[in-house]
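Trainee: need the 3D shape of this:
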Amino acid sequence: MDNQFKQEDIQDKFLKDILSKNIKKEKTSDNFTKKTMNLVMQEWVDNPVEIETPRHGYKFWILTGIFIVIASAIYLATDTRKMITMSDIEWLKSFDKNYLVYIHSFFSTIANSFLDIPVIIYVVLAGLLALFFADKLLQKTHSTYSFLFV
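Mentor: A predicted model of the protein is given here:
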């Protein structure tokens, strides 16, 4: 081990001696740094790097959609109007009369319109969503899809 270090030291000294004798040190011009930085900055101005960041990622929209679906299902599944009419609280009854009746009718019409859609549409949408998420998963785990065609 010591022999190896001694040999490397000898090689380093040899290279140092050769380089110091044959090669003259050059001095840069006074404006070298300024010229170099101007070239770099001009390249950046000519070819700007643009980074686009989405305002909200797809995870945000998925979570928002899930929240809306769950909130709608809870609202439609519970008979809130019956619970409110049985209550003795006046402001709750006025809130029901002024707002909840309209909200309930709105959600009811949306739910009834979904019942009119054929089941095959839901199956196709579920398949498309599955393909979308599988594609996202494959993009994260593999850079190319070449393993699918082997």
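
Trainee: any low-confidence regions in the chain?
Mentor: With pLDDT under 70 as the threshold, the chain has low-confidence stretches at 1-6, 21-25, 52-56, 75-81, 85, 141-150.

Trainee: for the lengthiest helix in it, buried residues please.
Mentor: Among all segments of the chain classified by DSSP state H, the helix with the greatest residue count is helix 119-141. Taking 16 or more other Cβ atoms under 10 Å as the basis for neighbour counts, none of the residues of helix 119-141 comes out buried. For every residue, glycine as well, the C-beta is placed using N, CA and C.

Trainee: how about it as PDB, C-alpha atoms only?
Mentor: What follows is helix 119-141, C-alpha atoms only, in PDB (Å, rounded to 0.1, in the frame of the first residue of the first chain):
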ATOM      1  CA  VAL A 119     -75.100   1.700 -18.000                       C
ATOM      2  CA  ILE A 120     -72.600   1.100 -20.900                       C
ATOM      3  CA  ILE A 121     -71.600   4.800 -20.600                       C
ATOM      4  CA  TYR A 122     -70.600   4.300 -17.000                       C
ATOM      5  CA  VAL A 123     -68.600   1.200 -18.000                       C
ATOM      6  CA  VAL A 124     -66.800   3.000 -20.800                       C
ATOM      7  CA  LEU A 125     -66.000   6.000 -18.500                       C
ATOM      8  CA  ALA A 126     -64.700   3.600 -15.800                       C
ATOM      9  CA  GLY A 127     -62.500   1.900 -18.400                       C
ATOM     10  CA  LEU A 128     -61.100   5.200 -19.700                       C
ATOM     11  CA  LEU A 129     -60.300   6.400 -16.100                       C
ATOM     12  CA  ALA A 130     -58.600   3.100 -15.500                       C
ATOM     13  CA  LEU A 131     -56.500   3.500 -18.600                       C
ATOM     14  CA  PHE A 132     -55.700   7.100 -17.700                       C
ATOM     15  CA  PHE A 133     -54.400   6.100 -14.200                       C
ATOM     16  CA  ALA A 134     -52.500   3.100 -15.600                       C
ATOM     17  CA  ASP A 135     -50.800   5.500 -18.100                       C
ATOM     18  CA  LYS A 136     -49.800   7.900 -15.300                       C
ATOM     19  CA  LEU A 137     -48.500   5.000 -13.300                       C
ATOM     20  CA  LEU A 138     -46.400   3.700 -16.200                       C
ATOM     21  CA  GLN A 139     -45.000   7.100 -17.000                       C
ATOM     22  CA  LYS A 140     -43.800   7.500 -13.400                       C
ATOM     23  CA  THR A 141     -42.200   4.000 -13.200                       C
END
